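Asks: for reference, the sequence and a predicted model appear below.
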Amino acid sequence: MTAKRPTITDVANHAGVSKATVSAVINERAVKDATRDRVLAAIELLNYHPTQVAGRGGTRRDRCMALVIKEYDNPYYAAVIAGARAAADARGYTLLVLSSEGGYEAERRAVAVARSRDVDGLIVTPVLDEHADLSHFFELRRRNVPFVLLENVRGLPASLVDVDNVEASRRAVEHVMALGHTRVVHFAGPTYSAHSQERVDGVRRAYSRSHLMFTDESVVPAGAHLEDGYRAGLAYFRDRSPAERPTAVTCYNDLVAIGLLGALRELGIRVPDDVSVVGFDDVAMCRYLPEPLTTISVPKYEMGETAAHLLISHIEAKRAVPQQKVCLEAPLVVRGSTAPPPVGDAAVPESPGRRAAKRPVRA
């Protein structure tokens, strides 16, 4: 049974003020600082969420949560949405989906739209570029609107559902190193995603556990979309001879990897005979490609489902509950896009790091 939600009367009684004073604090009208602090403390303690919209007769409208994604054309998010929607439906919540398309201002507007619809809480994949001041998240916290992140934001206390991107990326690189590849590069993701830097950090960690040297040339800027991988692949491989080009590429995500596969095919470079390619996410199309894609399998449906359950627990708690960090497993799935390097490339001696690497999943 759903717990009884605290009311404005509960907040007023706990703070020792009138309901009108609580309303004034919520609506940012003039109130003495000491009184405001007491009311805000009561709101947080009681886990009270102010209601802006009421139905007929003053009853509250149906419960609703919002999911703010970053790329509407990325099938990764389709699975996240499906998991969140299943959890929301099971508990009587409607799911509203908005997209920032990787833009800070668009994310800020999406959060504002969600608040204007009086959602009970939000799940957000945050935009983290140099212009992101995160004020809209701190405003959510100030108003005690629950939210769950799908990427970590340093300095922002919030519940989080994610995978260990650093370790997953390390495993991807160590997989191709274990096959004997000595020339490995990483096609990196967009600057607006914390996952981009985390996955580069995983590449760096794999290099540090081998006898190979990590340099600036080990990372190639790409992006997050199919065309990003295609364009970066053409630009990077077009004028490089077989002796100059890498024999293995790990990618920020599957879309970049699939775009890269198209570029390599156009250039007459065979996968995996000439170049091995590894993705990240394991979107459904990976297994149906001409060369099925080796990738890191992120549990996307479970991520959305877990985030929604976690958000509902924050929404329905009678008292404020601690933030939770949930780290899901993301195994390596080995398919046909990776193989030993072409004959003539020196194999990498086995290192302690590779001996310690987790056994990959084969699919």
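Replies: Yes, it's here.

Asks: ok, which stretches of this protein are strands?
Replies: Secondary structure of the chain (DSSP state E): strands located at 64-69, 94-99, 121-124, 147-149, 159-163, 184-188, 219-221, 248-251, 276-281, 294-297, 325-328, 332-334, 361-362.

Asks: by mean pLDDT, which helix or strand of this protein comes out lowest?
Replies: Across the helices and strands of the chain, mean pLDDT, DSSP states H and E gives its lowest value to helix 352-356, namely a mean of 39.

Asks: now stretch 154-170, how far from the centre of its chain.
Replies: Its chain's C-alpha centre lies 8 Å from the corresponding centre of stretch 154-170 when counted by Cα atoms, centre = their mean, to the nearest Å.

Asks: what's the answer for stretch 266-284, then?
Replies: Centroid separation between stretch 266-284 and its chain, computed with Cα atoms, centre = their mean, is 23 Å.

Asks: ok, stretch 277-288 next?
Replies: Relative to the chain's own centre, stretch 277-288 is displaced by 17 Å; criterion: Cα atoms, centre = their mean.

Asks: just stretch 7-22 next, same as before
Replies: Mean-position distance between stretch 7-22 and its chain equals 38 Å (Cα atoms, centre = their mean).

Asks: for the strands of the chain, which one sits closest to residue 266?
Replies: For these, proximity to residue 266 was assessed by Cβ to Cβ; strand 276-281 is nearest, at 14.2 Å. For the C-beta atoms, the positions are set from N, CA and C on the backbone; glycine is no exception.

Asks: that closest one versus strand 159-163: what angle between them?
Replies: Put simply, strand 276-281 runs at 160 degrees to strand 159-163, going by axes from the mean of the first three to the mean of the last three Cα atoms, to 10 degrees.

Asks: now strand 276-281 against strand 184-188, angle please.
Replies: Angular relation of strand 276-281 and strand 184-188 on a 0 to 180 degree scale: 30 degrees, by the same axes, to 10 degrees.

Asks: who's in contact with strand 276-281?
Replies: For strand 276-281, the surrounding residues in contact (Cβ atoms under 8 Å, 6 or more residues apart in numbering) are 76, 168-169, 172-173, 175-176, 179, 181, 199, 247-254, 256-258, 260-261, 264, 271, 286, 293-298, 300, 337-339, 341.

Asks: domain ranges for this protein?
Replies: As given by automatic domain parsing, the domain ranges for the chain are 8-46, 57-163+300-328, 165-298+330-362.

Asks: for those, give me TSV that also has mean neighbour count.
Replies: Supplementary listing: the domains of the chain in TSV, determined by neighbours: other Cβ atoms under 10 Å:
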stretch	mean neighbour count
domain 8-46	16
domain 57-163+300-328	18
domain 165-298+330-362	20
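
Asks: please name the residues that touch the residue lying closest to residue 75 once chain neighbours are set aside.
Replies: Excluding the flanking residues, the one nearest residue 75 by Cβ to Cβ, 6 or more residues apart in numbering is residue 283, at 4.5 Å. Contact criterion Cβ under 8 Å, 6+ apart gives 74, 75, 76, 79, 254, 255, 300 as the residues in contact with residue 283.

Asks: the helices in the stretch 151-300 of the chain, which residues?
Replies: Assigned by DSSP state H, counting those that start in this stretch, the stretch 151-300 of the chain shows helices spanning 165-178, 194-208, 226-237, 254-266, 300-316.

Asks: looking at these, which is closest to residue 96?
Replies: Put simply, out of those the one that sits nearest residue 96 is helix 300-316, at 12.3 Å, with distance taken as Cβ to Cβ.

Asks: helices or strands up against the closest one?
Replies: With contacts defined as 3 or more Cβ pairs under 8 Å, 6 or more residues apart in numbering; DSSP states H and E, the secondary structure elements packing on helix 300-316 are strand 64-69, helix 75-90, strand 121-124, strand 147-149, strand 159-163, strand 325-328.
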